[in-house]
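Participant: Quick one, structure for this:
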Amino acid sequence: MTRGELLNFLEKEAKRYRKEALSSIERNKHMNNLSKQDILRLKKDRQMTQKMIDALLVDFINVIGNSQGCDYGLYVKHLESADRT
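Facilitator: Predicted coordinates:
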């Protein structure tokens with residue numbers, strides 16, 4: 001797998017994962033440091049929570065790209081759209 005293929009794969013998976021992220025985080029709370037109270041707070045303001053999830057996904061993928069010498073240039077708007085070329 002090339003660097004570009006890896007980044008494209010991560011973007012595709014992020015698009016799929018982003019809408020189920022909060023329930024996945026809650027389901028796997030034994031693997032993170034979030035308490036029940038933390039999860040309730042995240043659920044209370046779902047719009048802000050989704051913004052943070054999207055920002056973290058985009059930042060993470062771009063950081064991986066940069067570490068591989070690739071300016072991938074992924075934006076949140078790309079997670080919300082069809083595959084880009």
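
Participant: Now do the longest helix along the chain: which elements does it pack against?
Facilitator: Among the elements of the chain assigned as helix by DSSP state H, the one spanning the most residues is helix 46-67. Under the contact criterion of 3 or more C-beta pairs under 8 Å, 6 or more residues apart in numbering; DSSP states H and E, helix 46-67 touches helix 3-17, helix 21-27, helix 76-79. Any C-beta I mention is one placed from the backbone N, CA and C, and that applies to glycine too.

Participant: mind listing what's buried in that helix?
Facilitator: Judged by neighbour count (16 or more other C-beta atoms under 10 Å), helix 46-67 contains these buried residues: Thr49, Gln50, Ile53, Asp54, Leu57, Val58, Ile61, Asn62, Ile64, Gly65.

Participant: Tell me what angle that helix forms with helix 3-17.
Facilitator: Angle between the axes of helix 46-67 and helix 3-17 is 170 degrees (criterion: axes from the mean of the first three to the mean of the last three C-alpha atoms, to 10 degrees).

Participant: Show me the contact partners of helix 46-67.
Facilitator: For helix 46-67, contacts defined as C-beta atoms under 8 Å, 6 or more residues apart in numbering pick out 3, 6-7, 10-11, 14, 17-18, 21-22, 42-43, 71-76, 78-79.

Participant: quick one on the thing from earlier: quick check, nearest of the buried residues of helix 46-67 to Met31?
Facilitator: Ile53 (16.3 Å; C-beta to C-beta).
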